[in-house]
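*Asks:* Give me a model of this one.
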Amino acid sequence: MSAEVERVKDYLRPFGLDGRVREFDVSSATVELAAQAVGVEPARIAKTLSFAAPDGEGCILVVTAGDTRIDNKAFRTFFGTKARMLTPELVREKTGHYIGGVCPFALPQGVCQVWLDRSLERFDTVFPAAGSDASAVELHCGELERASQARGWVEVCRPAQEKKEDAQ
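*Replies:* So this is what the prediction gives:
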């Protein structure tokens, strides 16, 4: 077991969720690969997207369904800043996780704001990563909200296949 996954399991233990962490012999670094590894439709993969916070110091994490993309206008309206994704180096620095294993758990204290996109609410359970690019944890949305210590629910994503002009 990787050190990153062990750290996430330790974090999830007080919530009684550590036993649900799964590790795979194959990569789960993308939505498609994670869906194959878990055996679910890609939409049920809860991807964690990392953005620069308006203060330039912290980060905004948006956990969303695997079949969505950020709606830039909605993001700017809600957060008051342009949706600027972090570089892989900044993702590691700010979240403590590498790209492919970024999750809303075991984050450095006071650095990241976690928000859950309402696109997740259509599923009974979802599968965020668990700290590595070969892991996941199955959670009900309420469990995800508690364990991630999310600040709340937002609507800043749209279906990935929706045309850009339709979202504006």
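*Asks:* what are the ranges of the strands in the protein?
*Replies:* 21-23, 45-52, 59-65, 68-70, 112-117, 125-128, 135-137, 139-140, 152-154, 157-159 (DSSP state E).
*Asks:* ok, and which of the ones you listed has the densest surroundings?
*Replies:* Stretch with highest mean neighbour count among the strands of the chain: strand 135-137 (a mean of 27; mean count of other Cβ atoms under 10 Å). Bear in mind the C-beta positions are built from the backbone N, C-alpha and C, glycine included.
*Asks:* Now do that one: distance to the chain's middle.
*Replies:* Mean-position distance between strand 135-137 and its chain equals 11 Å (Cα atoms, centre = their mean, to the nearest Å).
*Asks:* For it, give me every contacting residue.
*Replies:* 2, 5, 8, 12, 17, 20-24, 28, 34, 37-38, 45, 101, 103, 127-130 (Cβ atoms under 8 Å, 6 or more residues apart in numbering).
*Asks:* Just give the nearest non-adjacent residue to the residue nearest the centre of the chain, would you?
*Replies:* When Cα atoms, centre = their mean is applied to the chain, the residue found nearest the centroid is Thr48 (1.9 Å). Spatial nearest neighbour of Thr48, excluding adjacent residues (Cβ to Cβ, 6 or more residues apart in numbering): Val102 at 4.6 Å.
*Asks:* Roughly how far does Asp55 sit from Trp115?
*Replies:* Taking Cβ to Cβ, to the nearest Å as the measure, Asp55 and Trp115 are separated by 16 Å.
*Asks:* nope, Arg146 is what I was after
*Replies:* Separation of Arg146 from Trp115 (Cβ to Cβ) stands at 14 Å.
*Asks:* just so I have it, where are all the helices in this protein?
*Replies:* Ranges of helices within the chain are 3-12, 31-38, 72-79, 88-95, 141-148, 164-167, based on DSSP state H.
*Asks:* beta partners for Val63?
*Replies:* Val63 has these beta-bridge partners by DSSP bridges: Thr48, Leu116.
*Asks:* just Cys59 next, same as before
*Replies:* Ala52, Cys112.
*Asks:* follow-up on the earlier one: want to try CSV for the helices of the chain, with mean neighbour count and mean pLDDT as columns?
*Replies:* Shown next, in CSV, are these (neighbours: other Cβ atoms under 10 Å; pLDDT from 0 to 100):
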stretch, mean neighbour count, mean pLDDT
helix 3-12, 19, 96
helix 31-38, 19, 98
helix 72-79, 16, 97
helix 88-95, 17, 95
helix 141-148, 18, 98
helix 164-167, 10, 48
